[in-house]
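Visitor: Let's see this in three dimensions:
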Amino acid sequence: MILSASRRTDIPAFHMEWFMNRLRAGFSLVRNPMNHAQISRVPLSPDVVDCIVFWSKDPGNLLPYLAEIDKMGYDYYFQFTLTPYGREIEPNLRDKGDIAATFCELAGKIGRERALWRYDPIILNESLDISWHCEKFARLCDKLQNSTECVNISFVDLYAKLKTALIREITKPEMLEIGEKFAKIAENHGLEIRVCCENANLTQFGVTQASCIDRTLIERICGFEIAGAPDKTQREGCGCIASVDIGAYDTCKHGCVYCYANRSAEAVLRRLQSCSPDSGMLFGEPGENEKVSDRVVKSLKKRQMNTIGGL
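Guide: Sure thing, here's the model as predicted:
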C-alpha cells in the first residue's frame with residue numbers, strides 16, 4: 001500500500017502529533033469524504049505501507065519526527081509545494097524565504113531525491129503575469145537547485161466555488177508560453193520539469209508528465225518492484241498509481257484562495273474544533289451506531305531490485 005498524507009489536508013504542517021500517534025498505534029480511521037457513513041480502519045504497519053507520500057506547503061513541524069519515522073522502518077518522500085505568492089493568494093503561510101530554507105533543510109536530511117518541488121498552481125491575473133512568474137520561478141530555482149532533482153508544475157483549475165478576481169482562466173497559448181520558458185529556466189538549473197494533468201502538450205519543450213504518486217520513484221526508494229495499479233479516482237491523464245489517503249477535507253489552516261480541499265474558512269474552523277491528536281481519525285469520532293470496516297490492504301512489493309538508484 002502507498003500511503004498518502006495527504007491530498008486532502010496538510011498533515012505535516014498541522015497534524016503531525018495526530019499522525020505520529022497513528023503510526024505508533026498501527027492504524028488510522030478514515031471517513032469516506034464521498035459517503036460519511038463509511039468509516040474504514042486502515043492498517044499502518046510498515047509491513048503493509050510500502051511508502052508514505054507526504055504533501056505539504058510547510059513541513060517544518062515534521063522535521064523533529066524524521067528520526068522516529070526512520071527508526072520505525074517507513075520509506076517516504078515529499079511533495080513540497082513552494083510558490084512565490086503573497087498573502088493575497090496564500091494568506092496564512094510563513095515567509096517564503098523561511099519556507100525555502102526549510103525545503104533545503106529537509107533535503108539535507110533525507111536527500112534531494114526525496115524532496116520533490118511543486119510550483120503549483122500557476123495563477124495568472126493583472127499583476128501575476130508570465131514575466132512575473134518567470135522571474136520568481138528562476139529565483140526559486142536558484143535557491144532549490146541543489147535540494148531537489150525536479151519540479152512539477154500545473155495550472156490553476158477554476159472550481160465552481162472559486163469566485164475571486166484574483167484567478168482567471170489560463171489559455172492554451174499561455175500554457176505553451178509558460179511551458180517553453182519554464183523548461184529553459186529549469187534546464188539552466190539542472191532540474192527536470194514535469195507537468196500535471198494539463199490539456200496543453202508541453203513535451204515539445206522537454207516537459208514530461210508528472211506522477212505525484214510515482215511508481216518509478218517509489219521503486220527507487222524502497223528497492224523493490226511495485227505492483228501498483230493506475231489511480232482511477234484521479235483526473236484523466238494522471239500518471240499516479242493508487243494510494244490510500246488518511247487525511248480529511250476542511251482541516252487545513254493555510255487558507256489558500258485556490259484550494260479545492262476547503263469549503264470555507266467557517267467549515268475549517270468547525271472541523272478543527274473536533275480534531276484531537278489522540279483520536280483514531282483526523283476529526284471527530286465514529287458515532288455510537290456507526291460501523292467501522294477493516295480495509296484490506298497489502299504490500300505491493302514484488303521482487304527486490306538489483307539497485308536502488310543510489311538512495
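
Visitor: Locate Asn21 within the secondary structure: which element?
Guide: helix 16-25 (DSSP states H and E).

Visitor: Could you pull up the mean pLDDT of that helix?
Guide: In this model, helix 16-25 has a mean pLDDT of 98.

Visitor: centre of the chain versus that helix, how much separation?
Guide: Remark: helix 16-25 is offset 19 Å from the chain centroid, using Cα atoms, centre = their mean, to the nearest Å.

Visitor: Run through the strands of the stretch 151-300 of the chain in chain order.
Guide: 192-195, 208-209, 224-226, 244-245, 292-294 (DSSP state E, counting those that start in this stretch).

Visitor: sorry, back to before: contacting residues around the helix holding Asn21?
Guide: With contacts defined as Cβ atoms under 8 Å, 6 or more residues apart in numbering, helix 16-25 is touched by 5, 11-12, 28, 44, 61-62, 65, 68-69, 72, 74, 246, 275-280, 282. Every residue, glycine included, has its C-beta placed from N, CA and C.

Visitor: rewinding a little: can you redo the strands of the stretch 151-300 of the chain as a markdown table with mean pLDDT, distance to Glu90 and mean neighbour count?
Guide: Formatted as a markdown table, these follow (pLDDT from 0 to 100; distance: least, Cβ to Cβ, whole Å; neighbours: other Cβ atoms under 10 Å):
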| stretch | mean pLDDT | distance to Glu90 | mean neighbour count |
| --- | --- | --- | --- |
| strand 192-195 | 96 | 21 | 22 |
| strand 208-209 | 91 | 26 | 14 |
| strand 224-226 | 96 | 33 | 18 |
| strand 244-245 | 97 | 22 | 20 |
| strand 292-294 | 97 | 36 | 11 |
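
Visitor: Dump the ones you listed to CSV, plus distance to Leu82.
Guide: What follows is the strands of the stretch 151-300 of the chain, written out as CSV (distance: least, Cβ to Cβ, whole Å):
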stretch, distance to Leu82
strand 192-195, 15
strand 208-209, 20
strand 224-226, 27
strand 244-245, 22
strand 292-294, 37
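
Visitor: returning to what we had before: of the contacts of helix 16-25, grab the buried ones for ChimeraX.
Guide: A single ChimeraX command selects the buried members of these (16 or more other Cβ atoms under 10 Å):
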select :5,11,12,28,44,61,62,65,69,74,246,275,279,280,282
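
Visitor: Helices - which of the contacts of helix 16-25 land there?
Guide: The members of the contacts of helix 16-25 that map onto helices under DSSP state H are 11-12, 68-69, 72.

Visitor: Tell me the one among the residues you listed nearest to Arg235.
Guide: Proximity of those to Arg235 (Cβ to Cβ) peaks at Ile11, which lies at 22.0 Å.

Visitor: element containing the spatially most central residue of the chain, please.
Guide: Nearest to the mean C-alpha position of the chain, counting by Cα atoms, centre = their mean, stands Trp55 at 2.8 Å. Using DSSP H and E, Trp55 maps to strand 51-56.

Visitor: partners of that strand, with directions?
Guide: Sheet pairing of strand 51-56 (DSSP bridges) gives strand 2-5 (parallel), strand 76-81 (parallel).

Visitor: And the longest one, what's buried?
Guide: Pointing back at strand 76-81 there. So, applying 16+ other Cβ under 10 Å, buried residues of strand 76-81: 76-81.

Visitor: would you turn those into a markdown table with distance to Ser40?
Guide: Converted to a markdown table, these look like this (distance: Cβ to Cβ, whole Å):
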| residue | distance to Ser40 |
| --- | --- |
| Tyr76 | 21 |
| Tyr77 | 24 |
| Phe78 | 25 |
| Gln79 | 23 |
| Phe80 | 28 |
| Thr81 | 27 |
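
Visitor: If we only consider these, which is nearest to Asp157?
Guide: Thr81 (14.7 Å).
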